[in-house]
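> could you work out the structure for the sequence below:
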Amino acid sequence: MSESFKVCPICATRNQRHAALCATCGTTIAEIAPQEAAAEREPAEAPYDYRLGETDLAEASLRRTGRVLSALLVGLLLALAAVAAFALLSSRPGEEPGAGAPPATKPGRVAGPTVTRGPPTATFTPSPLPTLAPTDRPTPAPCRRRVAAGDSLIGIITGCGHRNLDILPTVMALNDIADETLIQVGKEIVVPLPSPTPDPAAPPTPAPAVESDAASAGGLELALLAFDPLSPTETPTLLPGLMWHDILPDENMIAIALQYKTKAKALSDLNPEIEFLLCDFGLDYGGPECTVHLKQGQRIRVPAPTPTMTAIPTASGSETPTPLPTATFNAPIAQSPPDGASFSPLDQVTLRWVSTGRLAASEVYRVVINDDRTGASYTANTRELFYIIPATWKPQDAQSHRYAWYVSVLDESSGVIAHSSAERAFVWQGAGNPDS
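Sure thing, here's the model as predicted:
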């Protein structure tokens with residue numbers, strides 16, 4: 001025997017056949033016809049009325065298209081969450097998982113200027129420069145040097161730190177010097193100190209910064225650009241009043257000093273990179289032991305000749321041409337032995353001289369030696385700058401003999417002798433005749 005029951009159209013709950021309300025959802029089922037139990041095997045799907053307003057409670061009521069879109073939306077949200085988590089982890093490399101790092105302090109934003117829409121207007125607001133308080137700086141005392149034997153005015157100026165001869169007229173005016181080549185020994189020379197030279201190895205001094213009114217409003221800082229008109233400038237390699245001289249073959253320091261009418265002391269002061277060995281600067285050319293190594297093509301600094309202004313006479317038509325003087329630039333200068341030197345019988349006497357130029361192909365040095373006691377005269381020719389007196393020219397007795405000697409330039413092609421050096425003399429003690 002089959003049992004009848006009522007099916008709630010809302011929740012599909014079975015109720016008694018005489019029930020007026022659904023026991024589950026409370027829906028009125030008085031007008032619902034009871035059904036037999038056999039109908040349970042094939043329940044008929046009752047159409048749902050969406051007007052009842054409970055559509056959100058029935059998930060199965062969604063259509064297949066809606067369910068697919070919902071699944072895609074949930075998957076998209078999960079993918080975005082995974083990408084955000086990966087970006088957060090990759091932005092902090094080297095941080096171990098789980099290690100708590102202190103939150104980074106977010107830098108504050110600098111307030112920028114407010115932009116107002118409208119046509120741009122170019123305006124210039126001058127910012128006053130800060131007034132620097134004057135500081136008391138002690139004035140350095142001038143350099144004072146007392147002239148010693150062999151000193152030159154140029155050497156004293158360079159010794160006080162100057163590398164520019166522009167100060168020379170000032171020094172001459174301060175010390176009442178009319179000629180820079182003539183200074184009195186023992187006189188005190190006052191030389192103003194040169195301007196300080198900045199140290200290239202020192203760190204640069206930062207320029208003071210000022211803040212203008214416009215910059216203070218925006219929080220910006222402006223650097224003060226200063227220009228010092230008294231800052232040191234680069235000094236040229238060749239100072240005023242000097243010139244370059246290229247060393248010629250077989251040219252020495254004495255020849256250069258004679259050519260430019262200067263002294264060994266001045267050349268040493270102008271060329272501190274060249275060594276003047278064993279030089280006595282009390283002498284014009286450094287003495288017989290003075291050694292200066294120069295090579296062909298080397299450039300040295302020499303005093304530039306001062307041009308002399310001469311009046312041009314008016315030609316009258318009856319002038320007689322004046323012959324030009326003969327050049328004497330290659331005249332030899334006797335160096336050793338010193339004038340009045342004495343030698344024993346066993347000494348070897350070597351005559352030395354220097355030349356102020358080069359010999360021509362047909363020229364030689366003519367050495368002339370005169371024995372004042374016996375009246376004998378000896379001559380010899382050589383192209384060297386020295387001559388060793390042979391033993392046959394020694395005194396043959398036991399007395400002292402005075403020998404006077406000089407050197408000339410002999411032109412063997414014409415036989416003309418010119419450019420003789422100054423005469424020097426030495427005393428040679430004879431050893432006596434061994435046969436007597």
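> what's stretch 147-162 in contact with?
143, 145, 165, 167-168, 171-172, 177, 180-181, 183-189, 191, 193-194, 263, 265-266, 268-270, 272, 280-283 (CB atoms under 8 Å, 6 or more residues apart in numbering). Backbone N, C-alpha and C define where each C-beta goes, glycine included.
> residue 142: neighbour count?
Residues contacting residue 142 under the criterion other CB atoms under 10 Å number 13.
> one step back: can you tell me which of the contacts of stretch 147-162 are in strands?
Residues of the contacts of stretch 147-162 located in strands (DSSP state E): 143, 145, 188-189, 191.
> grab the longest helix from this structure for me.
helix 64-90 (DSSP state H).
> that one - contacts with which helices or strands?
Where contact means 3 or more CB pairs under 8 Å, 6 or more residues apart in numbering; DSSP states H and E, helix 64-90 is not packed against any helix or strand.
> any stretches of the protein with poor pLDDT?
Applying pLDDT under 70 to the chain picks out residues 1-2, 37-63, 92-140, 164, 195-238, 306-330, 356, 433-436.
> please, which helix or strand holds residue 244?
Using DSSP states H and E, residue 244 falls within strand 242-246.
> mind listing what's buried along that strand?
242, 245 (16 or more other CB atoms under 10 Å).
> same thing with stretch 281-295?
Under the neighbour-count criterion of 16+ other CB under 10 Å, stretch 281-295 has 281, 285-288, 290, 292, 294 buried.
> got TSV for the residues you listed, with secondary structure and distance to residue 399 too?
Below are the buried residues of stretch 281-295 laid out as TSV (DSSP: H, G, I helix; E, B strand; the rest coil; distance: CB to CB, whole Å):
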residue	secondary structure	distance to residue 399
281	coil	39
285	coil	35
286	coil	36
287	coil	31
288	coil	28
290	coil	35
292	strand	40
294	coil	44
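> between the residues you listed, which is nearest residue 343?
Distance to residue 343, by CB to CB, is smallest for residue 288 among the buried residues of stretch 281-295, at 15.3 Å.
> residues touching the spatially closest residue to residue 389 that is not a sequence neighbour, list them.
Excluding its sequence neighbours, the residue lying closest to residue 389 (CB to CB, 6 or more residues apart in numbering) is residue 349, at 4.6 Å. If you count contacts by CB under 8 Å, 6+ apart, residue 349 has them with 337, 343, 388-389, 426, 428.
> swap in 7 Å and give it another go.
Applying CB atoms under 7 Å, 6 or more residues apart in numbering, one finds that residue 349 lies in contact with 337, 343, 389, 426, 428.
> how about residue 432?
By CB under 7 Å, 6+ apart, the residues touching residue 432 are 397-398.
> separation between the residue nearest to residue 338 when sequence neighbours are not counted and residue 79?
Spatial nearest neighbour of residue 338, excluding adjacent residues (CB to CB, 6+ apart): residue 288 at 6.8 Å. Separation of residue 288 from residue 79 (CB to CB, to the nearest Å) stands at 104 Å.
> quick check: next helix or strand after the helix or strand hosting residue 408?
Taking DSSP H and E as the definition, residue 408 sits inside strand 400-411. Counting by DSSP H and E, the next helix or strand C-terminal to strand 400-411 is strand 416-418.
> just checking: what are the partner strands of that next one?
Strand pairing for strand 416-418, using DSSP bridges, gives strand 400-411 (antiparallel).
> got the buried residues for the partner strand?
Using 16+ other CB under 10 Å as the test for burial, strand 400-411 gives 401, 403, 405-410.
> show me where the chain has helices.
According to DSSP H, the helices that the chain contains are 64-90, 153-159, 168-174, 213-218, 253-259, 264-270.
> ranking those by burial, who's on top?
Greatest average neighbour count among the helices of the chain goes to helix 264-270 (a mean of 22), per mean count of other CB atoms under 10 Å.
> which helices and strands sit right next to that one?
helix 153-159, helix 253-259 (3 or more CB pairs under 7 Å, 6 or more residues apart in numbering; DSSP states H and E).
> could you dump these to a markdown table with distance to residue 31?
Below are those laid out as a markdown table (distance: least, CB to CB, whole Å):
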| stretch | distance to residue 31 |
| --- | --- |
| helix 153-159 | 133 |
| helix 253-259 | 143 |
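> residue 333 is nearest to which of those helices?
Of all these, helix 253-259 sits nearest to residue 333, with 6.3 Å by CB to CB.
> show me what that closest one is packed up against.
By 3+ CB pairs under 7 Å, 6+ apart, helix 253-259 packs against helix 264-270.
> what residues does the helix it packs on touch?
Residues outside helix 264-270 that contact it (CB under 7 Å, 6+ apart): 150, 152, 154-155, 158, 242, 253, 256-257, 276, 279, 281, 284-286, 290, 301, 303.
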